[in-house]
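Student: I'll drop the sequence and a predicted model, then ask my questions.
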Amino acid sequence: MKKKLISIVTPVFNEEGNLDKFYERVIAVLKPLKYDHEIIFVNDGSKDSSLLVLLRLAETDKQIRIIDFSRNFGHQMAITAGMEHTSGDCVIILDSDLQDPPEVIIDLIKKWEEGFEVVNARRKSRKDGFFKDMSALLFYKFLNAILTNKIPENVGDFRLLDRKCINVLKKIKEKDRYLRGLTTWIGYKQSIVEYDRAKREWGKTGYPISKMVGLAFNAIFSFSRLPMKLATILSVLFFSITFLVIIYALLSQVFGQTVPGWSSQIIIYSIYLALQMMILAIISEYVGRIYTQVQDRPSYIVANYINFNKKPRD
């Protein structure tokens, strides 16, 4: 009987110092298992020697496959490309920085064998620094307060997905992707495995504050209508205030009362203009996303495929 296949998807961005050790630890986990395996590295426009390291590894292990992007398209697109080119009965998404221990793969597979189709790896503890730990905690609290489909807290992209889940995700063509939300949105039988997240041993994070904010925006604007509702609520609120001010001004004029005109008008107009700008910003965010979706450009461009038996998607 043919063995089932486990696919590992690993986005890579400037990780030359981690790749050899990452490969050794992943192989040490996969080899004793009763499954075949493939490891798909997605080089997301690395500027260091990451691609050279991957090519060297691919020469010695034909189960390593490389998708080399033409430029940097971002972490979510790298994961998307990897998933779309897998052949496995299940797919495990795992970053190459070794903060998420490859040894947790065993626990993910055990849950899959029990019948779960999405297995999320949740961080019991993390060593990313006070600011990142606290901002992540507050973000997930806020996000789950406004979402209908709750996202597991302290869960990143480290997870196992059954083939049927991958097939569904491949049909979703969103350009501004938030995969943590999508894997919750699709449903199916889901479970959680807990682990302790390690400190980065080499290099710098590929997720600076700017990218974290961008990911947060994708989560909020893709899975919640709160910004639009907030704009409507504030519009009604400030319209009511403006209406009351007009009545007050008219009554003051009728009864001959003097009203300080300059300062009050400046305050009212300033608040009103600020409200308008905020509403326009929210609308422009949605319009921008619609524009990107309508353009329908490729989500990523592949420069080279290495160790694929046939050119994918032919």
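Tutor: Nice, I can see it. Numbers count the residues shown, from 1 in each chain.

Student: buried residues of stretch 19-26, list them for me.
Tutor: Within stretch 19-26, the residues that count as buried by 16 or more other CB atoms under 10 Å are L19, F22, Y23, V26. For glycine as for every other residue, the C-beta is placed from the backbone atoms N, C-alpha and C.

Student: same question for stretch 55-72.
Tutor: L55, L57, A58, I64, R65, I66, I67, D68, F69, N72.

Student: L98 versus the last one, what's the distance?
Tutor: Just to be clear, that refers to N72. Going from N72 to L98 by CB to CB, to the nearest Å gives 21 Å.

Student: just checking, which of the buried residues of stretch 55-72 belong to strands?
Tutor: Secondary structure defined by DSSP state E assigns I64, R65, I66, I67, D68, F69 of these to strands.

Student: between the residues you listed, which is nearest D44?
Tutor: Comparing those against D44 with CB to CB places F69 closest, at 5.5 Å.

Student: I figured the closest one was touching V42, is that so?
Tutor: Yes. Between F69 and V42 there is a contact at 7.0 Å, judged by CB atoms under 8 Å.

Student: which residues are in contact with both of those two?
Tutor: Here F69 and V42 share the contacting residues A78, A81, scored by CB atoms under 8 Å, 6 or more residues apart in numbering.

Student: what about stretch 81-91, how long is it end to end?
Tutor: For stretch 81-91, the first-to-last residue distance is 12 Å (CA to CA, to the nearest Å).

Student: so for it, mean pLDDT?
Tutor: Mean pLDDT, stretch 81-91: 90.

Student: buried stuff in that stretch?
Tutor: A81, G82, M83, E84, H85, T86, G88, D89, C90, V91.

Student: from what I can see the fifth one touches I67, true?
Tutor: Yes. H85 is within contact range of I67, at 6.2 Å (criterion: CB under 8 Å).

Student: which residues do those two both contact?
Tutor: Counting by CB under 8 Å, 6+ apart, the contacts common to H85 and I67 are I40.

Student: the buried residues of stretch 19-26: which two are farthest apart?
Tutor: Top of the distance list for the buried residues of stretch 19-26 (CB to CB): L19 and V26, 10.4 Å.

Student: so which elements touch the one helix or strand L161 maps to?
Tutor: Here L161 sits within strand 155-162, counting by DSSP states H and E. Helices and strands touching strand 155-162, by 3 or more CB pairs under 8 Å, 6 or more residues apart in numbering; DSSP states H and E, are helix 75-84, strand 90-93, helix 105-113, strand 118-125, helix 179-185.
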